[in-house]
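Q: got a predicted structure here, sequence first:
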Amino acid sequence: MHDYRSISHALTSTLPYSEHENAQVIGNDLSPIQPKWVPSNCQFEIDDFESDWMYKAPFDYIHARELSGCIGNIDKLFRQVFDHTSSGGYFELQAVSAHFLSDDDTAEKAVTAQEWMKNIREGGRKFGKPLDDACEWKQKLEDIGFADVTETLLKVSERTVYRCGNLTRHGIQVPLGTWPKDARMKEIGKFGFVGELQAIEAYTPALFTRVLG
């Protein structure tokens, strides 16, 4: 019997675990937006995972996705994850960098988009929930006591770099729009563009009006 916990979007919780019938899966979300049909071994909780965790038994696997901009105290969260992960268990994080980049610096010509992204990052920091701190997570996890921490940074170009504090990071290149000639990248760009439009709608109103003014 394996116990899994997901503190990411509720829909992602149902995908892998339907293949592992012996696993007991708990999905966590702030809002009641869960699908009506889920595998019998999966259940959802409406809760704030930044609050104190009250679970009596540890988890074999904890998954978190897109937490950037959602966490006020990342050190407390990581400590709770560590305290609730069984010996030999795994904690997996996935995040997207809040930067618009390009191999040939053409992204800098998108002045309005760059200004929006800059303000989004500023709003997140001012709100106390930064969107650009994922590059610090590996060190924080190691400091708390996690062993064999691996940071996987997929990259298409060595020139696709960004700064995070005093660190330099390389990342995967995700096009926005269908401009790439390569069929695979064109397909990625199509969905990337839709995702970015949804992100603008989701992040902008509150940060720009209530935080940045």
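A: Everything's here; your move. Numbering: from 1, shown residues only.
Q: so which elements touch the longest helix seen in the chain?
A: Ranked by residue count and defined by DSSP state H, the top helix of the chain is helix 183-206. Packing partners of helix 183-206 (3 or more CB pairs under 8 Å, 6 or more residues apart in numbering; DSSP states H and E): helix 111-127. C-beta: built from backbone N, CA, C; applies to glycine.
Q: residues in contact with Tyr90?
A: Neighbouring residues of Tyr90 by CB atoms under 8 Å, 6 or more residues apart in numbering: Asp60, Tyr61, Ile62.
Q: now these: which count as buried?
A: Those of the contacts of Tyr90 that meet the buried threshold are Asp60, Tyr61, Ile62, by 16 or more other CB atoms under 10 Å.
Q: for Gln24, see how far away the last one is.
A: Spatial separation of Ile62 from Gln24 under the definition CB to CB, to the nearest Å is 13 Å.
Q: for stretch 198-213, list every residue counted as buried.
A: Using 16+ other CB under 10 Å as the test for burial, stretch 198-213 gives Tyr203, Leu207, Val211.
Q: pick the one among these closest to His99.
A: Closest approach between the buried residues of stretch 198-213 and His99, by CB to CB: Tyr203, at 14.1 Å.
Q: check what pLDDT the residue of the chain positioned farthest from its centre gets.
A: Residue farthest from the centre of the chain, counting by CA atoms, centre = their mean, is Lys181 at 28.5 Å. Here the pLDDT value assigned to Lys181 is 90.
Q: again with Leu207
A: If you check Leu207, the pLDDT there is 95.
Q: am I right that it is in contact with Gly128?
A: No. Using CB atoms under 8 Å, Leu207 makes no contact with Gly128, being 11.7 Å away.
Q: who does the helix or strand hosting Tyr61 pair up with?
A: Take DSSP states H and E as the rule and Tyr61 turns out to sit in strand 59-65. Neighbouring strands of strand 59-65 in its sheet, by DSSP bridges, are strand 2-6 (parallel), strand 85-94 (parallel).
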